[in-house]
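Asker: Sequence and computational prediction follow.
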Amino acid sequence: MEEKKKLDWSTFTVNIPIDQPEEEIMDYWLSQEKLEKWFLKLAEFTSSEGNKRGETERIQPGDSYKWQWYGWPESVEEHGELLKPELGEFLRFVFGKAGNVGVRIVKENGQTILRLVQENIPTDEESRMNFYTGCKTGWTFYMLNLKSIIQGGPDLRNKRSELQMD
């Protein structure tokens, strides 16, 4: 009988195949302008020297961010910092109290796969639901939306303010 593996609530991985060049996929993560096309309503970045980055300027490790989402009141903001990417990653950031996120592109069986790993997630009961389950569900949706946008499909986000997500 196979032993059941215990679920590790401190980390998860989301993978999605995207049939586009790696550079193009990475570009959608590395500027305010591109992040707002598929992920965020507002993605402001400030350099470590305190200068606000331009909308098309490439973000850098050491930058801090302020993010807002469609479907949520403007009072719901996430603040964090971009970290130095680890081996194989093109982006790494502190995701508020929900841990750290690393993003990379891998090739498997000739397929380009966008891989996101969220780790160092607190493991108390509330964090399991809000961060492990909630973030994994959210990243799955937003990465699917990125695939739709980058491959010429529709933006799947709810942009109607009267339809709040909370």
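Answerer: That came through fine. Residues are numbered from 1 along each chain as shown.

Asker: Show me what the helix or strand hosting F141 is packed against.
Answerer: Using DSSP states H and E, F141 maps to helix 134-150. Helix 134-150 sits against strand 12-17, helix 22-27, helix 32-38, strand 111-119, with contacts defined as 3 or more C-beta pairs under 8 Å, 6 or more residues apart in numbering; DSSP states H and E. (Glycine included, C-beta is placed from N, CA and C.)

Asker: Out of the ones you listed, flag the one nearest P61.
Answerer: When these are ranked by distance to P61, counting by C-beta to C-beta, first place goes to helix 22-27 at 14.5 Å.

Asker: Could you pull out the buried residues of that closest one?
Answerer: The neighbour-count check on helix 22-27 (16 or more other C-beta atoms under 10 Å) flags I25, M26, D27 as buried.

Asker: ok, and what's touching the helix holding F141?
Answerer: 12, 14, 16-18, 20, 24-25, 28, 37-39, 95, 98, 114, 116, 118, 121, 153-157 (C-beta atoms under 8 Å, 6 or more residues apart in numbering).

Asker: before we move on, what about stretch 58-65?
Answerer: Residues contacting stretch 58-65 (C-beta under 8 Å, 6+ apart): 30-32, 43-48, 53, 78-85, 92-93.

Asker: buried subset of these?
Answerer: Buried members of the contacts of stretch 58-65, scored by 16+ other C-beta under 10 Å, are 30-32, 43-46, 53, 78, 80-83, 92-93.
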